[in-house]
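[1] Fold the stuff below for me.
(one chain, ligands or ions: 1)
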Amino acid sequence: MARRYFTTPIYYVNDRPHIGHLYTTVVTDTLARYFRQQGEDVRFLTGTDEHGQNIAKVAKKEGVAPIVVADRHAPTFRNLWKEFGISNDDFIRTTEPRHRAGVEEIIRRIDAAGDFYTAGHEGWYCANCEAFYPEKDLVLGNCPVHGFKAEWQREENVFFRLSKYGPRLLELFERGVEGKPFVFPESRLNEVRSFVESGLKDLSVSRTTISWGIPFPGRPGHVVYVWLDALVNYITALGFGSRDLSLYERYWPGIHVIGKDILRFHAVYWPAFLMSAGLPIPRQVVSHGWWLRDARKMSKSTGNVVRPDDLVAAFGVDALRWHLVSAMSFGQDANFSDEDFLAGYNADLANGLGNTLSRAVKMASDAFGGKTPAETCDDNEVRTAAIDAVAAWTSAFESYRLHDAAAAVRTLVTRIDGYIASREPWKKVKAEGVTPALHRIHYATLEGLRVAACMLAPIAPGTATEVFRRLGIARSAEDLRPPDLVWGQLPLNASLPQAPPLFPRADAKEYFASKEKSVVDETTAPEAAPSSPSQQIPSSSETKIPIDDFLKLDLRVGEVIAAEKIEKSKKLMKMTVKIGEEVRTIVGGIAATYTAEQLVGRKFVFVANLAPAKLMGVESDGMILAATLPETGEPSLLMVDPAVPSGAKVK
Ligand code: MSP
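    Numbers count the residues shown, from 1 in each chain. Sure, this is the predicted structure:
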C-alpha cells in the first residue's frame with residue numbers, strides 16, 4: 001500500500017491562530033483526507049513550535065515563565081484543529097521530552113560528521129523571523145518579511161557548515177525525488193535554486209543570548225537555534241531519537257506543506273541538516289502563498305489578521321474550509337475579505353450545493369413517498385458530468401491544484417442543477433404521474449449529488465457526511481474509498497429524512513451589522529477580557545468606499561478641557577471637549593493608556609457627527625481617534641499641531 005506522511009509547519013505559540021495558520025492546516029488536512037480516500041496509508045502531523053526568542057519575549061512581558069505561555073497557546077491550536085475536523089494523527093510540542101531526545105540525536109550525528117564549529121558572529125537579525133539577513137536583503141533597513149527594523153546582533157555561536165552542501169542541494173533541485181521536483185511549485189524551486197547558486201554561508205545554529213531552548217549538547221551556555229530545533233519535529237514525532245523507530249521507518253521521508261515565508265528553512269537548511277546526519281531527505285516541500293489584507297501578508301506582527309471566530313460562528317466550519325480551499329489558487333497569494341467569503345458562500349454553498357440538494361431531495365421525496373427512487377439510471381448527462389468531474393478532481397489533487405478540485409465539485413453541482421431545470425420533473429409528475437422515467441430522472445440527480453459529496457469529502461468532510469445522510473445513505477466522509485466514486489451506488493427505496501436548508505442564504509448587511517455590534521461591544525464592555533490588537537481592527541477596513549461615504553464623516557479638531565476616568569470601567573475616560581464654540585462630553589476607551597492630566601489642554605481629532613451612545617451610563621457625543629499599536633493593541637492618540645484652532649475640519 002502506498003504511504004504518505006504529511007506535515008504542517010509547527011506554529012509559534014506567541015499568538016492565537018489566524019486565517020493564515022488555519023489555511024495551511026486545512027489544505028494539509030484536505031490532502032491527507034484525499035490520499036486516505038484513495039486508499040493510501042497516510043499519516044498526518046501538526047504541532048507547536050515553543051522555544052525561541054519570540055516566546056521568551058512574550059513571557060517576559062507578562063512576567064511569567066515561557067512554558068506558561070506555551071501551555072496556554074498550544075491547546076488553543078489543538079482545540080481549533082479539533083473544531084475544524086483536522087484529522088492529524090499526532091500533535092507534537094517542541095517542549096516534549098520525545099522531541100528533545102531526537103534533537104540531541106541529530107545534533108550528535110551532525111557533530112560526528114564534523115559539520116559544527118564555534119565562531120564569533122554578527123549581522124542583521126529579525127527577531128520575528130529568528131533569522132539573520134544579509135544587508136542587501138533588507139528593505140530600507142527593515143526585515144523583508146515583517147517590515148520591522150532589523151537589529152545588529154553580535155554573539156559567539158555554533159555554526160553549521162551549510163556552505164559545504166551547496167552542490168548536493170543543487171543536485172537535489174535538479175533531479176528531484178521519485179521523479180517529482182523537490183519543491184512545488186516550480187517558481188519556488190527556482191527561488192531556492194538561485195538562493196543556493198548565489199553562494200551559501202555557514203549557518204549559526206546556537207544562541208547564547210537566550211536560555212529558552214534545548215541546551216546544545218556539548219556546548220555549555222548555548223541553546224539550540226530555534227529552527228534547527230523546530231525542523232527536527234518532523235522526525236522526532238515519528239520516534240527518531242527513541243528506541244521505537246517503527247513509525248519513523250514506516251513513514252519517513254515525508255511531504256512538508258508550508259507557507260512560502262519559510263521555504264528557505266525547509267528546502268535548504270532542513271535537507272542540508274539531514275544530509276549531514278546521514279538521514280533521508282523529505283519527499284517534497286509543497287509551498288503555498290499568503291492570505292493578504294490590504295496587500296500585506298496577514299500576520300500578528302503586522303496587526304492585520306483575521307480570526308476565524310466570527311465567520312465560523314455565523315456560517316460553520318465547513319463554509320470556511322470550503323472558502324479557504326476554493327478561493328485561493330494553491331501556490332499563489334490571495335486577498336481575504338468577508339465580502340468574497342459571503343459571495344462564495346452564497347454562490348457555491350447556499351444557492352449551489354444546498355439549494356440543489358434541497359430541491360432534488362424534496363422532489364424525489366414528494367414523488368416516491370419519502371423514499372429514494374426504485375430504479376437506477378446509467379444513461380444520462382449527469383453520469384457523464386460525474387465521470388468528467390471525478391477525473392478533473394483526481395488530476396487536480398494529484399498536482400496540488402486544490403482550488404481546481406473544489407471547482408470540479410462546483411461544476412458537477414451546476415450540471416445537476418441544469419439537468420433538473422432541463423428535465424422539469426415537477427411538470428412531468430403532474431402530467432404523467434410517477435413513471436419509470438421519473439424514477440430515472442431523480443436517480444440521476446440524487447446519484448450525481450452522492451458523487452459530488454464524495455468529491456467534497458476531503459474539503460468539507462462534515463458536509464459530505466450530512467449530504468449522505470440526506471440522501472438516505474449511512475456513510476461517513478472518513479470511510480470513503482475509490483470505489484465510492486463509481487456511478488451507481490445510491491440505495492433504492494431508502495428513506496429520505498426531512499431537513500432544514502444545508503446552508504441558509506447569507507445576508508451580507510445583517511452579517512456586517514452583527515459584526516460591527518460585536519466590535520463595539522468589545523471595545524466598550526468594561527470588564528471584557530483584554531482583546532488582542534488584531535481583534536480591534538474591524539476586518540471590513542479593507543473595503544473600498546466612495547469619496548461620498550468618506551465625506552459623510554465630520555472629523556474635527558477638538559480641545560480637551562476636562563477629563564476624568566469613569567470609575568467603574570478599566571478603559572473609559574470621560575472628556576469635556578471644546579469643538580469650535582461647542583462643548584460636548586465624549587467618552588473614549590483610552591484610560592488604560594492616558595491619564596486625565598495627559599489629555600487636558602491638548603488637541604486631538606474627533607468624529608463630530610457620530611450618533612450619541614451611552615457608555616457605562618455616560619452619554620458620549622462623538623469619538624476620539626487613535627491608532628492601534630500593533631504589538632500591544634494600545635491606543636495612540638492622533639495629535640494635532642497646537643496652532644490649529646479647535647473646530648477645524650479634518651479631511
Ligand atoms: N514556527 C515556524 C514554523 C516552523 S516549522 C518547522 C513558523 N510558525 S508561524 O506560526 O509563524 O507560521 C506557520 C505557518 O503559518 C506559515 O508557514 C504559513 O504556512 C502559515 N501562515 C502564517 N501566516 C500566513 C498567511 N498570511 N497566509 C497563509 N499562510 C500563513 O513560521
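[2] can we go C-alpha only for contacts and neighbour counts from here?
    OK.
[3] After the worst-scoring helix or strand of the chain on mean pLDDT, which helix or strand is next?
    Every helix and strand of the chain was ranked by mean pLDDT, DSSP states H and E. The lowest is helix 508-524, at a mean of 66. Where DSSP states H and E defines the elements, the next helix or strand beyond helix 508-524 is helix 547-551.
[4] Can you pull out the residues in contact with the helix or strand just after that following helix?
    Scanning forward in sequence from helix 547-551 by DSSP H and E, the next helix or strand is strand 555-565. Applying CA atoms under 8 Å, 6 or more residues apart in numbering, the contact partners of strand 555-565 are 571-580, 591, 595-597, 599-609, 640, 644-651.
[5] are any of the residues you listed buried, and which?
    For the contacts of strand 555-565, a neighbour count by 16 or more other CA atoms under 10 Å gives the buried set as 571-579, 591, 596, 599-600, 602-608, 640, 645-647, 649.
[6] Could you list which of the contacts of strand 555-565 belong to helices?
    Among the contacts of strand 555-565, the members falling in helices are 596, 597, 599 (criterion: DSSP state H).
[7] Could you find the closest non-adjacent residue to the second one?
    Excluding its sequence neighbours, the residue lying closest to residue 597 (CA to CA, 6 or more residues apart in numbering) is residue 563, at 7.8 Å.
[8] cool, the last one as well?
    Spatial nearest neighbour of residue 599, excluding adjacent residues (CA to CA, 6+ apart): residue 560 at 6.3 Å.
[9] How many residues are close by the one you found?
    Using other CA atoms under 10 Å, residue 560 is surrounded by 23 other residues.
[10] so what's it bridging to?
    residue 577 (DSSP bridges).
[11] Just the strands from the stretch 151-300 of the chain, written as ranges.
    With DSSP state E, counting those that start in this stretch, the ranges of strands along the stretch 151-300 of the chain come out as 151-160, 183-184, 203-204, 206-207, 223-224, 255-259, 284-288, 291-293, 296-297.
[12] Contacts only, for residue 47.
    So, once contact is read as CA under 8 Å, 6+ apart, residue 47 ends up touching 8, 9, 10, 11, 74, 78, 90, 91, 92, 93.
[13] May I see those residues organised as a markdown table, with neighbour count, distance to residue 281 and secondary structure added?
    What follows is these, written out as a markdown table (neighbours: other CA atoms under 10 Å; distance: CA to CA, whole Å; DSSP: H, G, I helix; E, B strand; the rest coil):
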| residue | neighbour count | distance to residue 281 | secondary structure |
| --- | --- | --- | --- |
| 8 | 24 | 16 | coil |
| 9 | 23 | 16 | coil |
| 10 | 23 | 18 | coil |
| 11 | 20 | 22 | strand |
| 74 | 24 | 28 | helix |
| 78 | 16 | 28 | helix |
| 90 | 13 | 21 | strand |
| 91 | 15 | 21 | strand |
| 92 | 20 | 20 | strand |
| 93 | 24 | 22 | strand |
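[14] distance of the closest residue to residue 178 other than its chain neighbours from residue 122?
    Nearest in space to residue 178, with sequence neighbours left out and distances taken as CA to CA, 6+ apart, is residue 283 at 7.6 Å. Distance, residue 283 to residue 122, using CA to CA, to the nearest Å: 34 Å.
[15] ditto for residue 356
    Distance of residue 356 to residue 122, computed by CA to CA: 63 Å.
[16] Repeat that for residue 398.
    44 Å.
[17] buried sites along the helix or strand harbouring residue 342?
    Secondary structure assignment for residue 342, by DSSP H and E: helix 338-344. Buried residues in helix 338-344, counting neighbours by 16+ other CA under 10 Å, are found at 338, 341, 342, 344.
[18] Hmm, residue 271 is touching residue 281, no?
    Yes: Residue 271 lies in contact with residue 281 (CA atoms under 8 Å); the separation is 5.4 Å.
[19] which intervals of the stretch 401-550 of the chain have sub-threshold pLDDT?
    Counting by pLDDT under 70, the stretch 401-550 of the chain has low-confidence residues at 516-543.
[20] swap that for the chain, please
    The model of the chain has pLDDT under 70 over residues 516-543, 631-632.
[21] That one against the ligand: which residues are in contact?
    Taking CA under 6 Å from any ligand atom as the measure of proximity, the chain contacts the ligand at 9-12, 20-21, 23-24, 49, 230-231, 258-259, 261-262, 289-292, 297-299.
[22] Show me what the nearest residue to residue 93 once chain neighbours are set aside bridges to in the sheet.
    Residue nearest to residue 93 in three dimensions, not counting chain neighbours: residue 48, with 4.9 Å by CA to CA, 6+ apart. Residue 48 has these beta-bridge partners by DSSP bridges: residue 11, residue 93.
[23] thinking residue 48 is in contact with residue 92, fair?
    Yes: counting by CA under 8 Å, residue 92 is a contact partner of residue 48 at 6.4 Å.
[24] Confirm that residue 614 sits in a strand.
    Yes: Residue 614 forms part of a strand when assessed by DSSP: H, G, I helix; E, B strand; the rest coil.
[25] I'd assumed residue 588 was in contact with it.
    No: with contact defined as CA under 8 Å, residue 614 does not reach residue 588; the gap is 11.5 Å.
[26] neighbour-wise, which of these two wins?
    When neighbours are counted by other CA under 10 Å, residue 614 and residue 588 differ, and residue 588 comes out ahead with 20 against 11.
[27] list the contacts for the more buried one?
    Residues near residue 588 by CA under 8 Å, 6+ apart: 571, 572, 573, 574, 575, 623, 624.
[28] likewise residue 572?
    The contact partners of residue 572, taken as CA under 8 Å, 6+ apart, are 524, 526, 565, 566, 587, 588, 589, 590, 591, 592.
[29] Out of the residues you listed, give me the one that has the most neighbours.
    Neighbour counts for the contacts of residue 572 (other CA under 10 Å) peak at residue 587, which has 30 neighbours.
[30] thought it was touching residue 625?
    No: the pair residue 587 / residue 625 is not scored as a contact, 11.3 Å apart, by CA under 8 Å.
[31] I figured residue 69 hits residue 61, correct?
    No: using CA under 8 Å, residue 69 is not in contact with residue 61, being 10.8 Å away.
[32] The two: which has the busier surroundings?
    Using other CA under 10 Å as the criterion, residue 69 and residue 61 rank with residue 69 on top: 20 against 9.
[33] Give me the buried positions along the helix or strand residue 321 falls within.
    Here residue 321 sits within helix 317-327, counting by DSSP H and E. For helix 317-327, a neighbour-count test (16+ other CA under 10 Å) marks 317, 318, 319, 320, 321, 322, 323, 324, 325, 326, 327 as buried.
[34] neighbouring contacts of that helix?
    Outside helix 317-327, the residues within contact range by CA under 8 Å, 6+ apart are 23, 26-27, 83-84, 308, 311-312, 334, 341, 344-345, 349, 402-404, 406-407, 459-463.
[35] Using PDB, write out every CA atom in that helix.
    C-alpha atoms of helix 317-327 as PDB (Å, rounded to 0.1, in the frame of the first residue of the first chain):
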ATOM      1  CA  VAL A 317     -16.600  25.300  10.000                       C
ATOM      2  CA  ASP A 318     -17.100  23.700   6.500                       C
ATOM      3  CA  ALA A 319     -18.100  27.000   4.900                       C
ATOM      4  CA  LEU A 320     -14.700  28.400   5.900                       C
ATOM      5  CA  ARG A 321     -12.900  25.200   4.900                       C
ATOM      6  CA  TRP A 322     -14.600  25.500   1.500                       C
ATOM      7  CA  HIS A 323     -13.600  29.100   1.100                       C
ATOM      8  CA  LEU A 324     -10.000  28.600   2.100                       C
ATOM      9  CA  VAL A 325      -9.600  25.800  -0.400                       C
ATOM     10  CA  SER A 326     -11.700  27.100  -3.200                       C
ATOM     11  CA  ALA A 327     -10.800  30.800  -3.200                       C
END
